[in-house]
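Trainee: All I have is the shape, not the residue letters:
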């Protein structure tokens, strides 16, 4: 317990650590404000483009192709699509939700219209007898994308969630912030915190770094936990402040809004709240392994910059398996990145999913433990005659 208090006080009294924690807190808390400065395309603008695209279909396809029975059905569905897009544009422009109060019987419901239009578009892929089928499909989204869109609308309908017209809503900004944290950003923070834990002790607390009076492995685990706890205390506070500040200024959006994830076979939807909780938990677990690695390497290299470089480089290891075979979905190195697993980027490797991500983070933890068990045993420490490391 005495060593734990000593390590905690040593870290919180370090002015560099204080600056890093303060900078991390300020960045996270102000993220929603910074995000508002981005230039993005609004859903209303996307619908306007789809509307104009539908007009081009009527001009591109020869009129005689619409004269057959199947051609007439496709013509009617395209006309419905143009009508629906017009109604959806009006609903979004009013910014009231899935419909417009007082005009429900005229504009209908945004989600119901979306389901109808997407089902019509999917039916075009089965219209084998239509002469201009291939030309028609060039104006349509890919079939897989349409199925995902249909799943999105079905989720909204089943869970009674309204369409979000504002891509800057607090819930969507929160999701983007969590995605930023789950990327290389957390590796950089973890590397910076862990890289100095043993390096400075080589000069100022030499006996401590040599396993006296506590073993090096004991100190390694303890320092890892302290760094991890400090980082995530600040991150949780920063994310909460960011969401709270954004919620005070923007009233749209819901934490129940759907987010697409990859289940290992196909895509499915969960709420932003569930997504945020899952990504934060996974990032917390993975970051603990990364901090453990960084802290251990600081004892091996005794060089802060080399340690940071190596740890950040570890983040990019999974990209190697886009070139060479990964050897299956249980290769733990694939799971050094969370987001590609969740969004299905690694789906070509095999049945990669969130549950395997949990298992492989545990496997990565065990691997790091075993490696440093032997490192601490094999690299000799001079316990017979204490001498400071010569500079």
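Mentor: Received the coordinates, thanks. This structure is a prediction, so every number in the text was calculated from the model and none was measured.

Trainee: Going by C-alpha atoms from here, please, whenever you check contacts or count neighbours.
Mentor: OK.

Trainee: can you pull the pLDDT of residue 377?
Mentor: Note for residue 377: predicted pLDDT of 80.

Trainee: ugh, typo on my part, it should be residue 258
Mentor: 92.

Trainee: Ok, the one 3 residues further on next?
Mentor: On pLDDT, residue 261 comes in at 90.

Trainee: Next one: the residue nearest to residue 283 when sequence neighbours are not counted from residue 114, what distance?
Mentor: For residue 283, ignoring the flanking residues on the chain, the nearest one in space by Cα to Cα, 6 or more residues apart in numbering is residue 182 at 5.6 Å. Going from residue 182 to residue 114 by Cα to Cα, to the nearest Å gives 32 Å.

Trainee: go on, residue 33?
Mentor: Noted for residue 33: a distance of 32 Å to residue 114, by Cα to Cα.

Trainee: for the stretch 201-350 of the chain, what spans make up the helices?
Mentor: Secondary structure of the stretch 201-350 of the chain (DSSP state H, counting those that start in this stretch): helices at 201-204, 206-209, 216-249, 272-301, 304-314, 339-342.

Trainee: Ok, which of those comes nearest residue 37?
Mentor: Evaluated over those, closeness to residue 37 peaks at helix 216-249, with 13.1 Å, by Cα to Cα.

Trainee: Show me which residues of that closest one are buried.
Mentor: For helix 216-249, burial by neighbour count (16 or more other Cα atoms under 10 Å) applies to 216-217, 219-220, 222-225, 227-228, 230-232, 234-235, 238-239, 241-247.

Trainee: hmm, back to that, give me the number of residues near the residue nearest to residue 283?
Mentor: When neighbours are counted by other Cα atoms under 10 Å, residue 182 registers 22.

Trainee: so residue 125 sits right up against residue 136, yeah?
Mentor: No - under the criterion of Cα atoms under 8 Å, residue 125 makes no contact with residue 136, lying 9.3 Å away.

Trainee: Can you name the residues that contact residue 167?
Mentor: By Cα atoms under 8 Å, 6 or more residues apart in numbering, the contact list for residue 167 reads 42, 43, 173.

Trainee: Looking at the helices of the stretch 201-350 of the chain, which is nearest to residue 154?
Mentor: Residue 154 lies closest, by Cα to Cα, to one member of these: helix 272-301, at 15.9 Å.

Trainee: relative orientation of that closest one and helix 216-249 in degrees?
Mentor: Relative orientation of helix 272-301 and helix 216-249, computed by axes from the mean of the first three to the mean of the last three Cα atoms, to 10 degrees: 150 degrees.

Trainee: which helices and strands does helix 272-301 pack with?
Mentor: Where contact means 3 or more Cα pairs under 8 Å, 6 or more residues apart in numbering; DSSP states H and E, helix 272-301 is packed against helix 170-180, helix 186-194, helix 216-249, strand 258-262, helix 304-314, helix 354-378.

Trainee: one more time with 7 Å, if that's ok
Mentor: helix 170-180, helix 186-194, helix 216-249, helix 304-314, helix 354-378 (3 or more Cα pairs under 7 Å, 6 or more residues apart in numbering; DSSP states H and E).
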